[in-house]
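J.: fold the stuff below for me.
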Amino acid sequence: LRGLRSLAARLRVHCANALAVAQMLEAHAAVSAVHYPGLPAHPQHELAKAQMTAGFGGMLSFEVHGGEEAAVAVAARTALCKRATSLGGTESLIEHRASIEAMSTTPTSPPNLLRLSVGLEHVDDLLHDLRHALSAV
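T.: The predicted structure follows:
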């Protein structure tokens, strides 16, 4: 129960960080697509605005130019974002979805897609980490 007292404050940071990360990724030359309902370019943005009045969440995915090899390299180059399959924690996590899906079924995610659960780290640190990782593409 103790953690519930700070849940609203933590969610505000998750949402604000995720929006800043999505905006940076959307403008980055190494990124071909960003999937986050908080971006005006998202096909369901208007619906999300109506339903998600407290923020657009801390989860997003993005696709990088260069295919699977580039996506795996970006995930490997992050220092702050840990490579893991989970979501909603306090630390940022990144995963290459097709690699995870291939363990149990036929991959349905694009081979260049990365999923990011944005955590509570300082937003400048997150942006720096992702820009550094994307510099390899």
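J.: what residues of stretch 117-134 count as buried?
T.: Across stretch 117-134, burial judged by 16 or more other CB atoms under 10 Å covers 117-121, 123, 126-127, 129-130, 133-134. C-beta coordinates here come from the backbone N, C-alpha and C atoms, glycine included.
J.: nope, stretch 81-99 is what I meant
T.: Neighbour-count burial for stretch 81-99, counted by 16+ other CB under 10 Å, picks out 81-82, 92-99.
J.: strands - which of those land there?
T.: Mapping those onto strands (DSSP state E) picks out 82, 93-96.
J.: what does stretch 11-24 rub up against?
T.: Applying CB atoms under 8 Å, 6 or more residues apart in numbering, the external contacts of stretch 11-24 come out as 34, 36, 38-39, 54-60, 62, 88, 116, 118-121, 123, 126-127, 130-131.
J.: what is the rounded mean pLDDT of stretch 6-26?
T.: For stretch 6-26, the mean pLDDT works out to 94.
J.: may I see the buried residues of stretch 35-48?
T.: By 16+ other CB under 10 Å, the buried positions in stretch 35-48 come out as 35-39, 42, 48.
J.: okay, how far is it across that stretch, tip to tip?
T.: One end of stretch 35-48 to the other measures 13 Å (CA to CA, to the nearest Å).
J.: where do the strands sit along this structure?
T.: Counting by DSSP E, the strands of the chain are 31-35, 59-64, 82-83, 93-96, 113-117.
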